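Visitor: Provided below for reference: sequence and predicted model.
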Amino acid sequence: MESVSKNPRTKVAKYPSKNPNRQSTPIAKPNHQTNEFPSHLDTQNVSSTARTLCNLLTRTSPQEIDSALSSSGIHPSEECVHEVLKLSYNYPSSAIKFFRWAGRLRKHSAHAWNLMVDLLGRNQLFEPMWDAVRTMKQEGVLSLPTFVSVFQSYCMAGRVNEAVMSFDVMDRYDVEKNVVAVNSLLSAICREENQTSAGVEFLEKVKGKVDLDGDSFAILLEGWEKEGNPAKAKSTFGEMVIRVGWSRDNVAAYDAFLMTLLQALQFDEVVTFLKVLKDNDCFPGLKFFTNALDVLVKRNDALHAIPLWDVMVVSGLLPNLIMYNAMIGLLCNNGEIDHAFRLLDEMVLHGAFPDSLTYNMIFECLVKNKRVRETERFFAEMIKNEWLPTGSNCAVAIEMLFDCDDPDAALEIWSHMVETHVGVLEVSANILLIGLCKLGRLSEVRRFAEEMLDKRIVIYESTMTKLKEVFRKDGRSARDRFDTLYRRWKAQVKL
């Protein structure tokens with residue numbers, strides 16, 4: 001690379017036939033228009049020698065950099081040269097002078113040359129970049145990574161056609177146009193906004209000359225996912241199956257394809273293609289299932305979540321506790337209590353142990369659906385496993401059990417609440433008193449009310465009003481007992 005390593009003003013030869021660099025950009029001034037590149041000022045753990053050289057390059061006037069470097073007394077190591085180049089992308093003109101000076105002290109490594117090509121390309125200095133490529137060929141250090149950098153620089157500059165031209169001339173530089181090269185250019189193209197169609201066009205040119213692999217189609221499918229184009233994704237997916245067949249290794253492609261359908265809310269299509277994948281012993285990855293479950297939970301869609309979950313488990317992927325809780329919550333919200341119990345039973349086998357949230361979601365669902373006997377049994381299981389129902393769940397359970405003529409179970413829950421100090425007791429306490437009162441069990445009402453006042457549990461005025469009505473209908477003796485209770489309640493309210 002004469003013009004970079006020795007004389008930056010040397011005029012370079014024209015690029016052969018298909019020339020991807022028609023512009024000539026001066027390299028004298030630093031790149032002040034972007035802050036995307038790291039510098040020695042905002043990077044930690046910069047070696048002292050590299051920091052000294054970076055300070056010299058950024059603080060010395062361009063005309064004096066050569067003499068300043070020569071008089072610095074520094075003889076940078078190969079690693080130091082790499083470090084300085086990585087931190088000099090914002091100052092391409094100074095970086096070129098440094099590269100030229102360091103090259104006189106020791107022969108540059110292939111990595112140093114690649115860094116220089118990348119630095120020039122990212123600053124859209126394409127003619128000097130190609131000059132460097134030609135010199136690398138002469139030095140015998142040119143390889144595919146160099147062209148990968150060229151592809152990326154052109155695509156980032158919005159010059160996809162010139163990136164493709166660069167691929168076309170690789171063989172002139174004795175670099176093989178293999179599937180890795182194809183995928184590297186394809187990735188650079190599809191990484192840019194709305195360029196997946198250009199990627200497809202490029203693939204059409206080369207697919208008869210290079211054997212494509214799953215990664216080739218995964219890159220396109222990721223592009224369609226980013227652009228949200230399910231129709232094009234289906235077309236690409238179909239071609240992938242024809243050209244490379246089914247393989248468990250193509251997880252990235254399956255993930256991207258199914259995510260495109262999911263984002264388009266084509267849930268029936270997702271389930272259909274999941275079954276097709278399963279029939280061919282292929283599956284997407286855990287990332288897809290996590291994202292899909294999140295979408296379906298937000299939409300409260302248990303219909304599509306159940307088959308999706310079953311395919312995930314069959315694939316051998318192990319859901320974690322968060323995923324189990326999300327699914328169980330979705331099932332409970334839709335009254336799918338039997339499915340919820342199935343997941344509760346299997347989760348321990350998959351290494352995910354239920355927690356308080358797991359148990360409380362199922363308990364709440366049982367109560368909501370008035371499954372009295374199952375509520376009793378599940379409450380006993382919760383106590384056995386030391387996962388207590390929340391205070392709010394206890395309250396609705398007590399109310400449901402009174403409404404369903406099972407007061408003894410309600411009293412059992414209340415006793416456990418008092419013993420274990422579960423949450424705030426006042427809501428459950430008032431529900432309990434009213435429930436017993438409706439059943440005419442006034443002696444128990446008075447006993448529990450006295451205990452509640454002893455524990456300074458708040459009894460609502462509305463509750464006392466209802467008790468008063470029932471007690472006064474039960475004769476003078478009951479009325480006197482209530483009056484005694486009422487005076488004590490009133491005294492506590494005034495405190």
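Guide: Yep, it's here. Numbering: from 1, shown residues only.
Visitor: what about residue 242, neighbour count?
Guide: 8 (other CB atoms under 10 Å). For every residue, glycine as well, the C-beta is placed using N, CA and C.
Visitor: please, which helix or strand holds it?
Guide: helix 230-244 (DSSP states H and E).
Visitor: over to residue 149?
Guide: helix 144-156.
Visitor: so which elements touch the helix holding residue 242?
Guide: helix 196-206, helix 214-227, helix 251-263 (3 or more CB pairs under 8 Å, 6 or more residues apart in numbering; DSSP states H and E).
Visitor: what does the last one contact?
Guide: Contacts made with helix 251-263 from outside it, assessed by CB atoms under 8 Å, 6 or more residues apart in numbering, are listed as 214-215, 217-218, 221-222, 224-225, 228-230, 233-234, 236-237, 240, 269-270, 273-274, 277, 282-285, 287-288, 291-292, 295.
Visitor: for the stretch 51-200 of the chain, what spans make up the helices?
Guide: 65-70, 78-86, 92-105, 110-122, 126-139, 144-156, 160-168, 179-190, 196-206 (DSSP state H, counting those that start in this stretch).
Visitor: in the helix or strand hosting residue 322, which residues are buried?
Guide: Of the helices and strands defined by DSSP H and E, residue 322 is found in helix 321-333. Going by neighbour count (16 or more other CB atoms under 10 Å), the buried part of helix 321-333 is 321, 323-333.
Visitor: could you dump the helices and strands packed on helix 230-244 to TSV with mean pLDDT?
Guide: Below are those laid out as TSV (pLDDT from 0 to 100):
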stretch	mean pLDDT
helix 196-206	95
helix 214-227	96
helix 251-263	96
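Visitor: closest one to residue 396 among the ones you listed?
Guide: helix 251-263 (35.0 Å; CB to CB).
Visitor: okay, the angle between the helix or strand following that closest one and helix 230-244?
Guide: Later in the chain than helix 251-263, the nearest helix or strand by DSSP H and E is helix 267-279. Put simply, helix 267-279 runs at 10 degrees to helix 230-244, going by axes from the mean of the first three to the mean of the last three CA atoms, to 10 degrees.
Visitor: could I get the average pLDDT for helix 267-279?
Guide: Helix 267-279 comes out with an average pLDDT of 94.
Visitor: other SSEs contacting that helix?
Guide: helix 251-263, helix 302-314.
Visitor: would you turn these into TSV with mean neighbour count?
Guide: Converted to TSV, these look like this (neighbours: other CB atoms under 10 Å):
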stretch	mean neighbour count
helix 251-263	23
helix 302-314	18
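Visitor: distance to residue 489 added to the ones you listed, as JSON lines?
Guide: Converted to JSON lines, the helices and strands packed on helix 267-279 look like this (distance: least, CB to CB, whole Å):
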{"stretch": "helix 251-263", "distance to residue 489": "58"}
{"stretch": "helix 302-314", "distance to residue 489": "47"}
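Visitor: about what we covered before: now which of the contacts of helix 251-263 would you call buried?
Guide: 214-215, 217-218, 221-222, 224-225, 229-230, 233-234, 236-237, 240, 269-270, 273-274, 277, 282-284, 288, 291-292, 295.
Visitor: okay, buried residues for stretch 368-380 please.
Guide: By 16+ other CB under 10 Å, the buried positions in stretch 368-380 come out as 368, 371-372, 374-376, 378-379.
Visitor: report the two of these separated the most.
Guide: The span of the buried residues of stretch 368-380, defined through CB to CB, is set by 368 and 376 at 15.3 Å.
Visitor: where in the protein is pLDDT low?
Guide: Low-confidence segments of the chain (pLDDT under 70): 1-35, 495.
Visitor: redo that, cut-off 80
Guide: Applying pLDDT under 80 to the chain flags residues 1-36, 43, 422-423, 474-475, 493-495.
Visitor: and the helices of the stretch 51-200 of the chain as JSON lines, adding mean neighbour count?
Guide: Shown next, in JSON lines, are those (neighbours: other CB under 10 Å):
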{"stretch": "helix 65-70", "mean neighbour count": "16"}
{"stretch": "helix 78-86", "mean neighbour count": "20"}
{"stretch": "helix 92-105", "mean neighbour count": "21"}
{"stretch": "helix 110-122", "mean neighbour count": "23"}
{"stretch": "helix 126-139", "mean neighbour count": "22"}
{"stretch": "helix 144-156", "mean neighbour count": "22"}
{"stretch": "helix 160-168", "mean neighbour count": "20"}
{"stretch": "helix 179-190", "mean neighbour count": "22"}
{"stretch": "helix 196-206", "mean neighbour count": "18"}
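Visitor: in CSV: those, plus distance to residue 442.
Guide: Converted to CSV, those look like this (distance: least, CB to CB, whole Å):
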stretch, distance to residue 442
helix 65-70, 99
helix 78-86, 85
helix 92-105, 92
helix 110-122, 86
helix 126-139, 94
helix 144-156, 82
helix 160-168, 86
helix 179-190, 77
helix 196-206, 77
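Visitor: out of those helices, which comes closest to residue 386?
Guide: So among these, helix 179-190 is nearest, using CB to CB, at 51.9 Å.
Visitor: which other helices and strands contact that closest one?
Guide: helix 144-156, helix 160-168, helix 196-206, helix 214-227.
Visitor: circling back to that earlier point, let me have the helices and strands packed on helix 230-244 in CSV, adding distance to residue 39 as columns.
Guide: Converted to CSV, these look like this (distance: least, CB to CB, whole Å):
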stretch, distance to residue 39
helix 196-206, 33
helix 214-227, 30
helix 251-263, 34
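Visitor: nearest to residue 122, out of the ones you listed?
Guide: helix 196-206 (20.3 Å).
Visitor: right, and residue 248 touches residue 285 too?
Guide: No. Using CB atoms under 8 Å, residue 248 makes no contact with residue 285, being 10.6 Å away.
Visitor: coming back round to it: now for the helix holding residue 322, which elements pack on it?
Guide: Using 3+ CB pairs under 8 Å, 6+ apart as the test, helix 321-333 ends up in contact with helix 286-298, helix 302-314, helix 337-347, helix 356-368.
Visitor: closest one to residue 163 among these?
Guide: helix 286-298 (29.1 Å).
Visitor: that older thread, any chance of a markdown table for the helices and strands packed on helix 179-190, columns distance to residue 43?
Guide: Output for these, formatted as a markdown table (distance: least, CB to CB, whole Å):
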| stretch | distance to residue 43 |
| --- | --- |
| helix 144-156 | 20 |
| helix 160-168 | 29 |
| helix 196-206 | 33 |
| helix 214-227 | 30 |
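Visitor: closest to residue 112 out of those helices?
Guide: helix 144-156 (11.8 Å).
Visitor: one step back: report the angle between the axes of the helix holding residue 242 and helix 214-227?
Guide: 180 degrees.
Visitor: could you dump helix 230-244 to PDB, C-alpha only?
Guide: The C-alpha trace of helix 230-244 is given here as PDB (Å, rounded to 0.1, in the frame of the first residue of the first chain):
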ATOM      1  CA  PRO A 230     -44.400 -12.300   6.600                       C
ATOM      2  CA  ALA A 231     -45.200 -12.900   2.900                       C
ATOM      3  CA  LYS A 232     -41.600 -12.600   1.800                       C
ATOM      4  CA  ALA A 233     -40.500 -14.600   4.900                       C
ATOM      5  CA  LYS A 234     -42.800 -17.500   3.800                       C
ATOM      6  CA  SER A 235     -41.300 -17.400   0.300                       C
ATOM      7  CA  THR A 236     -37.700 -17.400   1.600                       C
ATOM      8  CA  PHE A 237     -38.500 -20.200   4.100                       C
ATOM      9  CA  GLY A 238     -40.000 -22.300   1.400                       C
ATOM     10  CA  GLU A 239     -36.900 -21.900  -0.800                       C
ATOM     11  CA  MET A 240     -34.700 -22.700   2.200                       C
ATOM     12  CA  VAL A 241     -36.500 -26.000   2.700                       C
ATOM     13  CA  ILE A 242     -36.000 -26.900  -1.000                       C
ATOM     14  CA  ARG A 243     -32.300 -25.900  -1.100                       C
ATOM     15  CA  VAL A 244     -30.900 -27.000   2.200                       C
END
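Visitor: right, I'll leave it there.
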